[in-house]
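>>> Requesting a structural model of the entry that follows:
(3 chains)
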Amino acid sequence: MRDNPALVAAAERGPVVPVFIIDTSDTNWAPGGASLWWLHHSLAALRNRLGALSLFKGDPRVLLPQIARASGATSVHWNRCYEPHAIARDTDIKAALKELGVEAQSFNAALLHEPWQIATGSGSPFKVFTPYWRAASAKDSAAPLPPPSSIDVRDVAGGDRLDDWRLLPRNPDWAAGWDRIWTPGEEGALDRFESFVASDLVRYGEDRDRPDLQHTSRLSPHLHWGEISPRQIATHLALAVEGNPAIRSGVDKFMSEIGWREFAHHLLYHYPSLPDRNWRAGFDAYPWRDGAADLEAWQQGRTGYPFVDAGMRELWQTGFMHNRVRMVAASFLVKHLRIDWRRGEQWFWDTLLDADLANNAAGWQWVAGSGADASPYFRIFNPVLQGEKFDPDGDYIRRWCPELKELSNADIHAPFKAKAEALARAGVVLGKTYPRPIVDHDAARQAALAGYRQVKDGAVQPPPAGL
DNA sequence: TGAAATGTTGGGGCG
DNA sequence: ACGCCCCAACATTTC
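Residues are numbered from 1 along each chain as shown, chains lettered A, B, ... in the order given. Model (predicted):
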């Protein structure tokens, strides 16, 4: 209800028919299983809050004009999405509504700045984060809107029942217990934000890289589903800093993470092939392995590297993975296993509650080294060192890989290096209770670097914008 | 928003 | 006392 410009505009015009449509015309990037779980609960919360919400499934190009006619609507309002499919779709919808004599208006609710509003001095899109964020931060963003002062809602006939959509998993219910971890919906988003601000923000800069501490915001699914807006966050935090200067560095650091989200949307808007193609075309020459068995081991969290396995299991069991671990696990797939980043992107798309086309694509291309402002290819994480550095007591590993929990802090990051008696004492049998490493770190690193030599610098060209 | 390899320096053991 | 070597510790470079 808060900072929802489409809803505010609609409410000012008279009675409102709130509608949600599952767009079945996007066959390429249909929501994954975890996303559908969130969607179910988010829709239930929204309907509860609004008092009405009509649900439809199909092609919105067809459905929206029908719904507008059936309800006698004179105008249709929505908040914009920025995926290439959504942009093309919404253009069609606007034309179809116009033909019907129905007004159509779209709004920005999801971003601080429209992707086309930030540009370099020469008018081109930014390709590097730091100057992008400097330019974006220098611009004022719109103030968040309060909820509509009064709203008269009603349903339209012919809508579906949420339960009939069967968005929740069963047989097996792999999401059992998720409702104790996550609270989809606006109230859940605001609670999460308040709790983050109250207890985690002041030390955010120091603690954000520590998956064992859980001091990150975990707002990403709420942001993706529009349950809280970056403008609400920015405005609230700017005010909070004035009252408490001690949180300034934490606020700046957190806002720059919001900035990465903005930057990803900026890139996706200007480079619509970002989810599907190497941004640096030179990477088309990289000799990816098929590695079906290794991909499966990675997905299931049995690579033999505990920090990676802990992350992949956290993802599978909770629909979420800590950011630092995402980087290490993704790097492991791309560099240690030399599997195409798009396989990892697909897995994250299916399993993450915060699956977001822009963030997911930009993140994977960053890790792979094929993206804009990407991590250099030769920056290869050592999963053992990363674990020792960011999970120093092994708590994160013990939580998700309980079969290792009796190992000492010294051994838990690399059980394959532990002495036989230490393993025996901890009840670990390598290859049985916990896998041996599926690749040797040094050899994998050398092979990854050898593969990178086939990526031709001369071919490193961003695609032309706007295609 | 790395890690490994290589280079440099300086203290201390030792003949 | 001196030079030599060893090798941490730190810095630089390379991938």
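>>> Backbone dihedrals for residue A:100, please?
phi -80, psi -10 (degrees, to the nearest 10).
>>> Quick one: neighbours of it, just the number.
15 (other CB atoms under 10 Å). For the C-beta atoms, the positions are set from N, CA and C on the backbone; glycine is no exception.
>>> List the contacts of stretch A:204-219.
A:189, A:192-193, A:196, A:199-200, A:203, A:228, A:233, A:249-251, A:253-254, A:257, A:310-311, A:314, A:320, A:322-325, A:390-396, A:399 (CB atoms under 8 Å, 6 or more residues apart in numbering).
>>> Which ones among these lie within helices?
Judged by DSSP state H, the contacts of stretch A:204-219 include A:189, A:192-193, A:196, A:199, A:233, A:249-251, A:253-254, A:257, A:310-311, A:314, A:323-325, A:390, A:395-396, A:399 as members of helices.
>>> ok, of the residues you listed, which come out buried?
A:189, A:192-193, A:196, A:233, A:249-251, A:254, A:310-311, A:314, A:324-325, A:390, A:395-396, A:399 (16 or more other CB atoms under 10 Å).
>>> I'd like the distance between the nearest residue to residue A:456 once chain neighbours are set aside and residue A:362.
Distances taken as CB to CB, 6 or more residues apart in numbering put residue A:282 closest to residue A:456, at 4.9 Å, once the chain neighbours are dropped. Taking CB to CB, to the nearest Å as the measure, residue A:282 falls 18 Å from residue A:362.
>>> With residue A:111 instead?
In terms of CB to CB, residue A:111 sits 14 Å off from residue A:362.
>>> neighbour count winner among those two?
The residue with more neighbours, out of residue A:111 and residue A:362, is residue A:362; 28 against 23, by other CB under 10 Å.
>>> Over in the stretch 201-350 of chain A, which residue gets nearest DNA strand C? Let me know.
Taking CB to the nearest atom of the strand, DNA strand C has its nearest neighbour within the stretch 201-350 of chain A at residue A:335, 11.4 Å off.
>>> what sits against the nearest residue to that residue once chain neighbours are set aside?
Leaving aside its sequence neighbours, residue A:335 sits nearest to residue A:448 (CB to CB, 6+ apart; 4.3 Å). Neighbour list for residue A:448: A:335, A:336, A:338, A:377, A:380 [criterion: CB under 8 Å, 6+ apart].
>>> go on, residue A:351?
Residue A:351 makes contacts with A:32, A:33, A:34, A:315, A:316, A:319, as judged by CB under 8 Å, 6+ apart.
>>> for residue A:338, same thing?
Remark: with contacts taken as CB under 8 Å, 6+ apart, residue A:338 is in contact with A:287, A:288, A:289, A:291, A:444, A:447, A:448, A:451.
>>> and the residues you listed, which are buried?
The buried subset of the contacts of residue A:338 (16+ other CB under 10 Å) comprises A:288, A:291, A:444, A:447, A:448, A:451.
>>> and the last one, that's in a strand?
No. Using DSSP: H, G, I helix; E, B strand; the rest coil, the secondary structure at residue A:451 is helix, not a strand.
>>> wait, isn't it in contact with residue A:283?
No. If you go by CB atoms under 8 Å, residue A:451 and residue A:283 don't touch, sitting 10.2 Å apart.
>>> On the pLDDT front, check the spatially closest residue to residue A:117 that is not a sequence neighbour for me.
Nearest non-adjacent residue to residue A:117, counting by CB to CB, 6+ apart: residue A:139, 7.2 Å away. Looking at residue A:139, its pLDDT stands at 96.
>>> Tell me if I'm right that residue A:139 and residue A:119 touch.
No. Here residue A:139 does not reach residue A:119: they are 10.8 Å apart, not a contact under CB under 8 Å.
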